[in-house]
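Undergrad: Just the structure for this:
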Amino acid sequence: MNRSFFKKAMVGTAALATVLSLAACGSKGASSSSSSSTNESSSTSSKKTVTAADKIAAAEKLIEQGKYQQALDEVNSVTKSTSESRALATDLQNYIAAKKAYNNGNYDQALTNLNTASSSSSAIKEAYQSLRSKIAAAESSSSTTSSSATSSATSATTAAATSSSSSSAANASVAQSTSEDVIDAFATKMGFNQQGYGIIPVQKNGSVYRFEVRQNNQDNTVANLIGIYEYNAETGSVTKIS
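TA: Predicted coordinates:
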């Protein structure tokens, strides 16, 4: 009797041990599965795709810091480009070329390289507006100085220099107060929103703007004046003055 009871007790103990062992294994497997799932989720999160919008936002900050080449590199690294990322890349390429020409004293080339901004980036539009203002002042100053060089009278030369300074400041002021959106609207309407054309705002009266429009010669060495136009930003009407 005691021996039989002892055997039954041993069998029961062994069975309980087996059940506990299986339960522990199941718990460990579930824990491992959960851990693996968490790791996979973390890995997926860390590999989040950088979108064109992310790249454009990063480029905007670089433009604000004056780092135009880095901004261009950022936009060009977009995996799947969009119309906006392509437009911003073009605007940056034009700006960099225009700034280089301006720094080298080639104001005609700088103006026609700049053309108009086609993206919606507020940062690049501000950069365009600032550079256009500098080009307008430099163009005016260069033109007046060149004309006054033929005068031999001291008083005439002094007057020309004074006129040059006043004209340069006026043109720069008008250019600085004329938004790139207005220039782009005028250029698009007239077909001047392409490489080879340069636009300088020279007068502003309310919503009516006066623009000088120039076009490169075949050698891209000189931008000849092709007309002076008045553009009404409210009505969209354009009148050629000369």
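Undergrad: Look up phi and psi at Ser237.
TA: Note on Ser237: its backbone torsions stand at phi -80, psi 150 [degrees, to the nearest 10].
Undergrad: Let me see the contact set for it.
TA: Applying Cβ atoms under 8 Å, 6 or more residues apart in numbering, we find Ser237 in contact with Tyr231. For the C-beta atoms, the positions are set from N, CA and C on the backbone; glycine is no exception.
Undergrad: For it, give its distance to Ala172.
TA: Counting by Cβ to Cβ, to the nearest Å, the gap from Ser237 to Ala172 is 27 Å.
Undergrad: ok, and Gln69, which helix or strand is that part of?
TA: Here Gln69, judged by DSSP states H and E, is contained in helix 68-76.
Undergrad: now do Asn94
TA: Per DSSP H and E: Asn94 is located in helix 83-103.
Undergrad: same for the helix holding Gln69, what does it pack against?
TA: helix 52-64, helix 83-103 (3 or more Cβ pairs under 8 Å, 6 or more residues apart in numbering; DSSP states H and E).
Undergrad: Nearest spatial neighbour of Ala185, chain-adjacent residues omitted?
TA: Distances taken as Cβ to Cβ, 6 or more residues apart in numbering place Ala233 nearest to Ala185, at 6.9 Å, with adjacent residues excluded.
Undergrad: Could you measure from that neighbour over to Gly196?
TA: In this structure, Ala233 and Gly196 are 24 Å apart, going by Cβ to Cβ.
Undergrad: Please apply the same query to Asp219.
TA: When Cβ to Cβ is the yardstick, Asp219 and Gly196 sit 12 Å from each other.
Undergrad: Give me the neighbour count for the nearest residue to Asp184 once chain neighbours are set aside.
TA: Leaving aside its sequence neighbours, Asp184 sits nearest to Thr116 (Cβ to Cβ, 6+ apart; 4.4 Å). Per other Cβ atoms under 10 Å, the neighbour tally for Thr116 reads 23.
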